[in-house]
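*Asks:* with the sequence up front, the predicted model follows.
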Amino acid sequence: MKAVEVILCEHIPSLGTVGDVVRVAAGYARNYLIPRGLALPATGKNIRQLEHRKMLLAKKREEIRKQMMSLAERLNKVTLTMKRKVAEEGKLYGSVTVTDILEELEAQGYTGLHKKNILLDQPIKAVGEYEVPIKVEADIQAKIRVIVESEE
């Protein structure tokens, strides 16, 4: 049985992930993988194109990472001051929630963030100063200061 090399265009659990160069039976490549667009023949031209695409993706990922690091640095300097009605002993009527924080950030021009990015365990229910983590990207976090004051 003759084996040929192909470049995978999709993740195939039994073979590998996108971009892997694998050896498979010639009939499997010719009759199944290539016609369905799951793989390309591992010719010099296709391998060069793959390497070029990988390089472009790496550059794009690095550029996005730099933008996210910049955003995290800016967010680390943010302080949100929220005024709420306060009952006795500094407890709030209601609370400061993720939605409130998100709206305040958007009002300051930080768009593109979602509720799931704000890692507030529980709503804030008392007057005080809090550090709230913001997940900017998978491994990049920022912390903003949230100050809750009495509304007089």
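*Replies:* Ah, there it is. Note that the coordinates shown come from a computational prediction; the quantities given were computed from them, not determined experimentally.
*Asks:* if you skip the residues just before and after it, what's nearest to V98?
*Replies:* I118 (4.7 Å; CB to CB, 6 or more residues apart in numbering). All C-beta spots, glycine's among them, are computed from the backbone N, C-alpha and C.
*Asks:* do S95 as well
*Replies:* P123 (3.7 Å).
*Asks:* touching, the one you found and V96? I think so.
*Replies:* Yes: contact criterion CB atoms under 8 Å: P123 and V96 qualify, at 6.3 Å.
*Asks:* so between these two, which is more surrounded?
*Replies:* Ranked by neighbour count (other CB atoms under 10 Å), P123 and V96 place V96 first, with 21 against 14.
*Asks:* how about that one, phi and psi?
*Replies:* In terms of degrees, to the nearest 10, the main-chain angles of V96 are phi -100, psi 120.
*Asks:* now do the buried residues in the longest helix seen in the chain.
*Replies:* Longest helix in the chain, counting residues (DSSP state H): helix 44-76. Neighbour-count burial for helix 44-76 flags L50, M68, L71, A72, L75 (criterion: 16 or more other CB atoms under 10 Å).
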